[in-house]
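> Sequence and computational prediction follow.
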Amino acid sequence: MDSMLLDAFYIVVIAAAGLIGGFAPAKLSGATGLGGLALGNAFAGGVFLGAGLLHLLPDSRENFSQALPAIDFPLALLGAGIGVVLILGFDQFSRARKQAENEGQKGRALILFLVLSIHSVIAGAALGIESAAGAGLAIFIAIIAHKSAAGFALGIALENEAGDATRRRLIITAFSLMTPIGIVLGIGLEAMFTGPDHFIWEACFDALAAGTFLYVAMSEILPQTFERRHSSAVKFVLVAAGVSLMALIAIWA
């Protein structure tokens, strides 16, 4: 029962964060300024790095070792690499579409939605299938640290379209539900499989999520955060703080 309540809490909070970020891009930008958003992203980038390196990858490696002790191969690192390549492929496809389309914004917003949604489902599945409470908390913190900012970016892209308001609401709502859908998928897989099969599924989603976390942090969040030189020292401290928070959680996870 406690586990079910915790999963329900994760779903509600993550969905709310996506809705808030997506529906209030203009208000958020005006209230905090781009500098404030960049500082928040710096901390989120550190959390993503720490969650991927200190929680998801070690958990994936441990689960693969328990499920497939006879296989001497870095399966966790392979899975993380697949996660990186998967998001890289969608990212490059979106950039190519953006350059190819003269209209630009409509296609950009839709592909941004697809890239963010794939990452969200994978991360949600890793959270839903995670059996260790400490590691689950680390994944949740990493997701919630960037969910509103990701929704904000999507909301800005949709606002730039100047299209139908109903369409914008539907896309933002769908985005906010992607991580909860992943959580439900992970919970379902956890219920369906036991023993070695459960360890394999958990290891796979942990590895894929680790790859997507690392790619999003190093290729999306941090480069954009440090693109403006303003408050670089503060941003660096916030990145370190994000990694340190994940390290503290890893002590007892």
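Arrived safely, thanks for sending. All values derive from a computational prediction rather than experimental measurement.

> Can you show me the helices along this protein?
All helices of the chain, identified by DSSP state H, fall at 2-23, 25-51, 57-67, 75-100, 105-129, 133-161, 165-192, 196-215, 222-225, 232-252.

> Just the CA trace of the third one, in CSV.
Listed next in CSV are the C-alpha coordinates belonging to helix 57-67 (Å, rounded to 0.1, in the frame of the first residue of the first chain):
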residue,chain,number,x,y,z
LEU,A,57,24.1,3.0,-14.1
PRO,A,58,25.2,1.2,-10.9
ASP,A,59,21.7,-0.1,-10.3
SER,A,60,21.6,-1.4,-13.9
ARG,A,61,24.9,-3.1,-13.6
GLU,A,62,23.9,-4.7,-10.3
ASN,A,63,20.7,-6.0,-11.7
PHE,A,64,22.3,-7.4,-14.9
SER,A,65,24.9,-9.2,-12.6
GLN,A,66,22.1,-10.8,-10.6
ALA,A,67,20.0,-11.8,-13.6
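
> Can you list the helices and strands that it packs against?
helix 75-100, helix 196-215 (3 or more C-beta pairs under 8 Å, 6 or more residues apart in numbering; DSSP states H and E). C-beta: built from backbone N, CA, C; applies to glycine.

> got the buried residues for it?
57-64, 67 (16 or more other C-beta atoms under 10 Å).

> farthest-separated two in the residues you listed?
Spanning the widest gap among those are 57 and 67, at 15.9 Å by C-beta to C-beta.

> Residue 12 and residue 177: what is the separation?
Look at residue 12 and residue 177: by C-beta to C-beta, to the nearest Å, they are 11 Å apart.

> the more surrounded of these two?
residue 177 (20 against 11; other C-beta atoms under 10 Å).
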